[in-house]
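Q: Need a 3D model of the following:
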Amino acid sequence: MIVTGLQKIQNWVVAVAIAANVSGAFVLLALVAVMNVDVISRNLFNAPFRGVVEVVIFSLALIVFLQLPDVVRTGRLTRSDGFLGFLHHHMPKTGGALARFLNGISFIFMCMIVWTVWPEFTESFESCHFFTQPDFGPAPTGNIWADFKTGLLRCDYFGTPGILQAPWWPVRLAIAFGCALAAVIFFFKTLLGEDTFAPSKTG
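A: Numbering: from 1, shown residues only. Below you'll find the predicted structure:
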């Protein structure tokens, strides 16, 4: 029963990680399109795209943390694992135990990141006052779209005034989400082993 429940949770985790990875890929495609537009407009029309630096910084944060869980899931996270691979080959039990230990440490670090970033996300989101009366400005009207657009103007912003500004909360939410999902995956790998997300071999 417990194993079946864990497998169901694992399937959901895999599906969410893949969906987040695809979302990160779309952000990457959008970033490539923006940079191409900047190059073309800069060279052909002498009119560079204003705010391209801000777009790159903003997009890279989204890409990294949206794709992080799937990278962890597939075991493609950059690391030095020569010694671990040697142990897996010559001493499988010791290598497996060390891998679980390292995954456990990674789980703790991911939880610490989420613990740190989540209050920053809530603070930056609440600065928009989408649903509450702000200290200055009009009160929410009940029209969701109108209140959303008005609230965006009050948000804690990243960027250069007069060039390009974007609210901080989507990036901080992406960081919290990516690290939380990566923590879940590291927890599964600690509990069930390094190959718990490996595709099953049939036939």
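Q: Excluding sequence neighbours, find me the nearest residue to the most centrally placed residue in the chain.
A: Nearest to the mean C-alpha position of the chain, by CA atoms, centre = their mean, lies Phe65 at 2.5 Å. Of all residues not flanking Phe65 in the chain, Gly178 sits nearest, at 3.3 Å (CB to CB, 6 or more residues apart in numbering). All C-beta atoms are positioned from the backbone trio N, CA, C, and that covers glycine.
Q: For that neighbour, list the residues it contacts.
A: The contact partners of Gly178, taken as CB atoms under 8 Å, 6 or more residues apart in numbering, are Ala20, Val64, Phe65, Leu66, Gln67, Leu68, Pro69.
Q: now those: which count as buried?
A: Ala20, Phe65, Leu66, Gln67, Leu68, Pro69 (16 or more other CB atoms under 10 Å).
Q: List the contacts of the closest residue in space to Asp70 that isn't next to it in sequence.
A: Nearest non-adjacent residue to Asp70, counting by CB to CB, 6+ apart: Asn21, 3.7 Å away. Asn21 makes contact with Leu66, Gln67, Pro69, Asp70, Val71 under the criterion CB under 8 Å, 6+ apart.
Q: a markdown table for the residues you listed, including secondary structure and pLDDT?
A: Formatted as a markdown table, the contacts of Asn21 follow (DSSP: H, G, I helix; E, B strand; the rest coil; pLDDT from 0 to 100):
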| residue | secondary structure | pLDDT |
| --- | --- | --- |
| Leu66 | helix | 93 |
| Gln67 | helix | 93 |
| Pro69 | helix | 93 |
| Asp70 | helix | 92 |
| Val71 | helix | 91 |
